[in-house]
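Visitor: Fold the following and give me the result.
(2 chains)
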Amino acid sequence: MIVAERLVKEFRLAERKPGLLGSLSTLLTRRHRVVRAVDDVSFEIPAGTKTAYIGANGAGKSTTIKMLTGIMTPTSGRCTVAGLEPYRNRQRNARTIGVVFGQRSQLWWDLSVPDSFRILRRVYDIPEPVYRRNLDLFRELLDIDALGSTPVRQLSLGQRMRAEIAASLLHDPAVLFWDEPTIGLDMVLKDAVRHLVNRAHRELGTTVVLTSHDIADIAAICDSALVVDHGRVVHQGTLKDLLRTADHRSVVFDHRDGTAAGTVRARIETGLPGVRATPDDGGRIRVDYPAGRYTSRQVLTFLLDHFDLADWYAPEPGLEDVLRRIYGRARVPGGTPDGTGRTPDGAA
Amino acid sequence: MTRTLTRYLRLAWFLGGVGLHRLAAYRTDFVLGAGAFLVRVGIQTAVVGLVFRHVPAVGGWSYHEVLFLLGFSLLPRGLDHLFTDQLWELGRKLVQRGEFYRYLVRPVDPLFSLLSERFFHPDGLGELVVGAVLVGYAGSELGLSLSPVQWVLAPVLVLCGALLHTSVKLLFASLSFWTVTSMPAMYAANQVSEFSAYPLDIYHPSLKALLTWVLPFAFTAYVPCVYLLSGGTGLLGWLPVVTAGALALALTVWCRGVNRYEMTGS
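Guide: The predicted structure is shown next:
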């Protein structure tokens, strides 16, 4: 459905020197620095998948989405959505896609939400039954009616986002591009939004591309993941595969020994160097071990040998941990890919 | 082709309706805008009247002829104003704030999409009404009688004038794709257009040349009025050429700008 072939996007930034003299010299000499936001990225997103587009700030996520939606033209390479190059066929592409940029509105600023929808209906030539069905759905799930006749510019962020999300779904698009769609939404509305997109996916086979800083969004919506780092794809596959790349595994167990938590902890950490044991309030112990250094067999055997296990389970590696590692790696010294000159500060 | 045309006409009709509806919703805006505009035209007329109390003619133009020109200049300006006011927003902030993208993700032409967001700007209506009143009054005072050809051409001349105003505005607004905001340039061009309300004969030849061949506002009022008042067709033949040329240039710059648009921010 979506194909990117060696996609590159470079920006020319004017070099500015600090201070007054610097500003003056900027006026006279035009020196530019080229920043490569998307660096030779290739990927393919099959129809009917719900893909999380993951990467640290400045990894080139938004830039890629802007090329896929036809807003920006690549410096080189190409991408297609449903067989069309979006930036060359903007109007035809627009019928295929639904777009939300959480930070930017696409609604009519000084009109009410119902007025905006009436215009969208005409602009997209939405058939009456489809329009009715979707409006009913938005009423039920997003409480659109509550927005009433207030002009969009007077809505709160959460209210506006509900309208933006509804607007992106109104014409039953085949592909949804959602860039930070849930900012400003409370828990209930986030749930409603996730429900809405999953329903569109189930009933219409909608392909979804999502970026979000809310990991719960990704977990609740997506089945696939595309991880970009420094403008390059570093992982593509199912979300489950991504979780398997976690560099730590965990085991949680209960024991009947009556040994003090501190002793248990010391025994594990000396017996298995590099492993971390954390007692929780309920007397259970959580053991985190580096996946590359120990096999689960080694760890379990050690635990069985040393403790009288009453119960144990191995929780799935958290998406958060995996992403923290990805985001953290993006900020190793020397790498400030977004060009902001931010100092490396470890995990995101 | 015809299907596309009917689609756009229907959309324009609908969005025009939305514009009129908004007019009613923002009545204070309307009243304030119309009031400020009336004051401006009132002062212009008063200045013209004042000048003519001391001299019988300026640059060969009588009082009522100047009034006719002043009124006529408002017609293309008003027509343009009515449909393209959103271009000011483009020059002012749409590129700067990364909001322009929304016209690129809709299944209509981006320029239409942009302009249709604010159809029927109230100031334009005021200009059309006041312009028509001034032209009617001055025309009858002059005992002007137009030939059939002039009657047919008059609306065409107004339309061409409006397209010229639109072209200049579009050109300068599109510069914002390179410079992020082009408000000062738009404002300057708009100031220059004010010269079109008076006879070009009173200006220095260099200004006259500027208004004819660089920012061709002469063709929005002066050239049509010379033709309507005296039948003189000196520069009239150039009018369609200049209009088409300006429009083509503006649309080219606009298209290039759209294609190099870089949506800022995340």
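Visitor: For the rest of this, base every contact and every neighbour count on C-alpha atoms.
Guide: Noted.
Visitor: all helices for the stretch 1-150 of chain B, in order.
Guide: Taking DSSP state H, counting those that start in this stretch as the criterion, the stretch 1-150 of chain B carries its helices at B:2-25, B:27-54, B:63-84, B:86-89, B:110-115, B:122-142, B:148-174.
Visitor: Just send these back as CSV, with mean pLDDT, mean neighbour count and distance to chain A too.
Guide: Listed next are the helices of the stretch 1-150 of chain B as CSV, based on pLDDT from 0 to 100; neighbours: other Cα atoms under 10 Å in any protein chain shown; distance: least, Cα to the nearest Cα, whole Å:
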stretch, mean pLDDT, mean neighbour count, distance to chain A
helix B:2-25, 87, 15, 7
helix B:27-54, 85, 14, 13
helix B:63-84, 94, 26, 16
helix B:86-89, 94, 20, 12
helix B:110-115, 94, 18, 9
helix B:122-142, 91, 20, 15
helix B:148-174, 96, 21, 16
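Visitor: Redo the ones you listed as TSV? Include distance to B:Leu228.
Guide: Formatted as TSV, the helices of the stretch 1-150 of chain B follow (distance: least, Cα to Cα, whole Å):
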stretch	distance to B:Leu228
helix B:2-25	31
helix B:27-54	20
helix B:63-84	10
helix B:86-89	31
helix B:110-115	31
helix B:122-142	10
helix B:148-174	7
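Visitor: What ranges does the stretch 1-150 of chain A have for its strands?
Guide: A:2-14, A:32-45, A:50-54, A:76-81, A:97-101 (DSSP state E, counting those that start in this stretch).
Visitor: Tell me which of those sits nearest to chain B.
Guide: Taking Cα to the nearest Cα, strand A:97-101 is the member of the strands of the stretch 1-150 of chain A nearest to chain B, at 7.5 Å.
Visitor: That closest one packs against which elements?
Guide: Judged by 3 or more Cα pairs under 8 Å, 6 or more residues apart in numbering or on different chains; DSSP states H and E, the packing partners of strand A:97-101 are helix A:157-169, strand A:175-179.
Visitor: before we move on, back to that, would you list the strands of the stretch 1-150 of chain A in JSON lines and tack on mean pLDDT and mean neighbour count?
Guide: As requested, those are exported to JSON lines (pLDDT from 0 to 100; neighbours: other Cα atoms under 10 Å in any protein chain shown):
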{"stretch": "strand A:2-14", "mean pLDDT": "88", "mean neighbour count": "17"}
{"stretch": "strand A:32-45", "mean pLDDT": "88", "mean neighbour count": "18"}
{"stretch": "strand A:50-54", "mean pLDDT": "93", "mean neighbour count": "26"}
{"stretch": "strand A:76-81", "mean pLDDT": "95", "mean neighbour count": "20"}
{"stretch": "strand A:97-101", "mean pLDDT": "94", "mean neighbour count": "25"}
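Visitor: So for the residue in the stretch 101-250 of chain A that chain B sits nearest to, what's the nearest residue that isn't a sequence neighbour?
Guide: Distance from chain B to each residue of the stretch 101-250 of chain A (Cα to the nearest Cα) is smallest for A:Gln106, at 5.2 Å. Excluding its sequence neighbours, the residue lying closest to A:Gln106 (Cα to Cα, 6 or more residues apart in numbering or on different chains) is B:Arg102, at 5.2 Å.
Visitor: If I look at the one you found, what pLDDT would I see?
Guide: Listed pLDDT for B:Arg102 reads 92.
Visitor: coming back round to it: can you convert the helices and strands packed on strand A:97-101 into a markdown table and add a column each for mean neighbour count?
Guide: Shown next, in a markdown table, are the helices and strands packed on strand A:97-101 (neighbours: other Cα atoms under 10 Å in any protein chain shown):
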| stretch | mean neighbour count |
| --- | --- |
| helix A:157-169 | 22 |
| strand A:175-179 | 25 |
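Visitor: Report the separation between the two terminal residues of stretch A:202-211.
Guide: Terminal residues of stretch A:202-211 lie 20 Å apart, using Cα to Cα, to the nearest Å.
Visitor: In contact with B:Leu75: list those residues for me.
Guide: With contact taken as Cα atoms under 8 Å, 6 or more residues apart in numbering or on different chains, B:Leu75 is in contact with B:Glu127, B:Leu128, B:Gly131, B:Ala132, B:Val158, B:Ala162.
Visitor: let's go with 10 Å and repeat that
Guide: Contact partners of B:Leu75, counting by Cα atoms under 10 Å, 6 or more residues apart in numbering or on different chains, are B:81, B:124-132, B:135, B:155, B:157-159, B:161-162, B:220-221.
Visitor: okay, now the residue of chain B found nearest chain A: neighbour count?
Guide: The nearest approach of chain B to chain A comes at B:Pro107, 4.1 Å away (Cα to the nearest Cα). Using other Cα atoms under 10 Å in any protein chain shown, B:Pro107 has 21 neighbouring residues.
Visitor: what's the distance between it and B:Thr84?
Guide: Computed as Cα to Cα, the B:Pro107 to B:Thr84 distance reads 20 Å.
Visitor: same question, A:Val81
Guide: 33 Å.
Visitor: Would you mind measuring the gap between the ends of stretch A:244-264?
Guide: Stretch A:244-264: ends 28 Å apart by Cα to Cα.
Visitor: Kindly report the residues of the stretch 101-250 of chain A close to chain B.
Guide: A:101-111, A:115-116, A:118-120, A:122-125, A:179-180 (Cα under 10 Å from any Cα of the partner chain).
Visitor: Drop anything exposed from those residues.
Guide: A:101-108, A:110-111, A:115-116, A:119-120, A:123, A:179-180 (16 or more other Cα atoms under 10 Å in any protein chain shown).
Visitor: Which residue, other than its chain neighbours, is closest to whatever residue of the stretch 1-150 of chain A ends up closest to chain B?
Guide: Residue nearest to chain B within the stretch 1-150 of chain A: A:Gln91 (4.1 Å; Cα to the nearest Cα). For A:Gln91, the nearest residue in space outside its immediate sequence neighbours is B:Pro107; the separation is 4.1 Å by Cα to Cα, 6+ apart.
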